[in-house]
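Participant: Pasted the sequence and its predicted model underneath.
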Amino acid sequence: MRANNVLGLIFANVHDEEVPELTGIRSMASIPFGGGYRLVDFALSNLVNAGVTKVGVLTNNNYQSLMDHIGSGKPWDLARKNDGLYFLPPFNATAVRNYNLGEVGALHNILNFLERSEQEYVFMTSCSYVANIDLEAMFREHEESGADITMVSHVGKAPGFATQPIVESKFGDMITSLRLGEPTDGEEEYLLTNCLVKKSLVERLVREAFSRGEYSLFKDVLRRAVGRVKIHSFEHKGYVANVDSLAGYFKGNFDLLCRENYESLFDPARPVLTKVYEDMPAVYGIGSDVRSSLVADGCIIDGEVENCILFRGCRVEKGAVVKNSILMPGAFVGENAMLDYVLADKSVSVRSGKTLSGADTYPVYIGKEIQI
């Protein structure tokens, strides 16, 4: 299968409700991650690393920051005369309502876009997970298997989405039974929220589901398709982070402090691309102490930072102690302030002498531009 025969579709707002603290002002796709990236970067990079040259981003609301970040798609080589990057927002009130109903409603909104696309296959994905997937191998395996649908699976602790598909039984690599809902405490094989399918089949399944009032791609369409069509699972054995809650987002970021996870996610053979901001290198003042942390360009650190993720332009003043925390771009921590298990959104300011402390399962969240 030629990768330029695959149309990529990214759902920017699916699962926004799982992290309302972060998606109140932005889409799931534009949530910052890992010190210098957005969640959409991983979906886009997976596609372009496999050779996909046409990508549509389906948006519903709060997509200004996403548009600012992606722009024309140049960092991903998608600023093209032919194909390239397409933003697909709802065009009227009915389209907004359809998107709010689920992925099927969003796809129903863009049926004309699908019909006009020359690609034979469609790869659909949300931005609710972070992984560096070899989609080129997935496309090849899909063709060799003779399957109608191929989905990426992973063995681990399944995310807590209500519509999460979990594999119950397989015949070889073909899925014969799925269940949805709460995961168990142990490891199990679950499906990431993506799939590869022929465009003609997508159009038929979407029209059928929409006419029946079914709007979830994974809860309604794919579960009903088990047994009717061949669904193949392509196992991804690398690192996966699932953004299924604020605690899940917190854990996913801190997983990157483990070298094995970091090297799995940022594989040089399949680079993760993003919008590059020109900034000075991080500055470490005399007497500063930084340990086991990811620190982006533009940061100025005069205090103590341990086990943290600092995005660009953060400042930690003298005497301040920041541990087990995430500071998004432009965050400021004043002299002698103490933060532990805190998630500070963009341009947050914590004044001198303040103390904030949470827990790994319940971090303290400070909203964008709030001063404490």
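Facilitator: Yep, that arrived.
Participant: going forward, measure contacts and count neighbours with C-alpha atoms only.
Facilitator: Fine.
Participant: Okay, and residue 112 sits in which element?
Facilitator: Element membership for residue 112, per DSSP states H and E: helix 111-116.
Participant: Give the next helix or strand downstream of that helix.
Facilitator: Going down the chain from helix 111-116, the next helix or strand is strand 121-126, by DSSP H and E.
Participant: same for that following strand, what does it pack against?
Facilitator: strand 6-11, strand 194-198, helix 199-211 (3 or more Cα pairs under 8 Å, 6 or more residues apart in numbering; DSSP states H and E).
Participant: buried ones in the following helix or strand past the longest one?
Facilitator: Once helix 199-211 ends, the next helix or strand along the chain (criterion: DSSP H and E) is helix 223-225. By neighbour count, with 16 or more other Cα atoms under 10 Å as the criterion, the buried positions of helix 223-225 are residue 223.
Participant: so residue 189 sits right up against residue 156, yeah?
Facilitator: Yes. Applying Cα atoms under 8 Å as the test, residue 189 and residue 156 come out as touching, 6.5 Å apart.
Participant: Tell me which of the two has more neighbours.
Facilitator: Legend: neighbour count by other Cα atoms under 10 Å for residue 189 and residue 156, higher for residue 189 (18 against 15).
Participant: tell me the pLDDT at that one?
Facilitator: Confidence at residue 189, expressed as pLDDT, is 93.
Participant: What separation is there between it and residue 313?
Facilitator: According to Cα to Cα, to the nearest Å, residue 189 and residue 313 sit 39 Å apart.
Participant: which stretches of this structure form helices?
Facilitator: Here the chain has its helices, by DSSP state H, at 20-23, 39-49, 64-70, 93-101, 103-109, 111-116, 135-145, 199-211, 223-225, 246-255, 259-265.
Participant: Quick test: name the residue nearest the centre of this structure.
Facilitator: With distances taken as Cα atoms, centre = their mean, residue 127 lies nearest the centre of the chain, 3.0 Å away.
Participant: ok, now which ones touch that residue?
Facilitator: 10, 11, 12, 14, 28, 29, 39, 40, 43 (Cα atoms under 8 Å, 6 or more residues apart in numbering).
Participant: Identify the farthest-apart pair in those residues.
Facilitator: Distances among the contacts of residue 127 were taken as Cα to Cα; the most separated pair is 14 and 43, at 13.3 Å.
Participant: Identify whichever of the helices and strands packed on strand 121-126 lies nearest to residue 236.
Facilitator: When the helices and strands packed on strand 121-126 are compared by Cα to Cα, strand 194-198 sits nearest residue 236, at 12.2 Å.
Participant: Need the residues that contact the closest one.
Facilitator: Under Cα under 8 Å, 6+ apart, the answer for strand 194-198 is 120-126, 139, 148-152.
Participant: let's see it at 6 Å
Facilitator: Contact with strand 194-198 is made by 121, 122, 123, 124, 125, 149, 150, 151, as judged by Cα atoms under 6 Å, 6 or more residues apart in numbering.
Participant: now do stretch 151-162
Facilitator: 181-183, 187-192, 195, 233-236, 244.
Participant: which of these are buried?
Facilitator: Buried residues within the contacts of stretch 151-162, counting neighbours by 16+ other Cα under 10 Å: 183, 188, 189, 190, 191, 192, 195, 233, 234, 235, 236, 244.
Participant: Just the closest of those to residue 205, please.
Facilitator: Distances from residue 205 to the buried ones among the contacts of stretch 151-162, taken by Cα to Cα, are shortest for residue 195, at 13.4 Å.
Participant: how much space between the closest one and residue 264?
Facilitator: Distance from residue 195 to residue 264, by Cα to Cα: 22 Å.
Participant: ditto for residue 55
Facilitator: Counting by Cα to Cα - residue 55 and residue 264 are separated by 25 Å.
Participant: Check residue 370 too.
Facilitator: Here the criterion is Cα to Cα. By it, residue 370 lies 35 Å from residue 264.
Participant: more neighbours, residue 14 and residue 43?
Facilitator: Neighbour comparison, residue 14 and residue 43: the larger count goes to residue 43, with 28 against 24 (by other Cα under 10 Å).
Participant: And residue 175, how far from residue 226?
Facilitator: Counting by Cα to Cα, the gap from residue 175 to residue 226 is 7 Å.
Participant: quick one, which of the two is more surrounded?
Facilitator: Remark: of residue 175 and residue 226, residue 175 carries more neighbours, 20 against 16, as counted by other Cα under 10 Å.
Participant: what about the residue nearest to the more buried one when sequence neighbours are not counted, how many residues close to it?
Facilitator: Residue nearest to residue 175 in three dimensions, not counting chain neighbours: residue 231, with 5.6 Å by Cα to Cα, 6 or more residues apart in numbering. Neighbour count for residue 231, taken as other Cα under 10 Å: 27.
Participant: For residue 231, list each beta-bridge partner.
Facilitator: Per DSSP bridges, the residues bridged to residue 231 are residue 149.
Participant: OK, contacts around it?
Facilitator: 147, 149, 150, 174, 175.
Participant: and stretch 344-356, how far out from the chain's middle?
Facilitator: Taking Cα atoms, centre = their mean, to the nearest Å, one finds the center of stretch 344-356 at 26 Å from the center of the full chain.
Participant: mind listing what's buried in that stretch?
Facilitator: Neighbour-count burial for stretch 344-356 flags 344, 345, 346, 347, 348, 349, 350, 351, 352, 355, 356 (criterion: 16+ other Cα under 10 Å).
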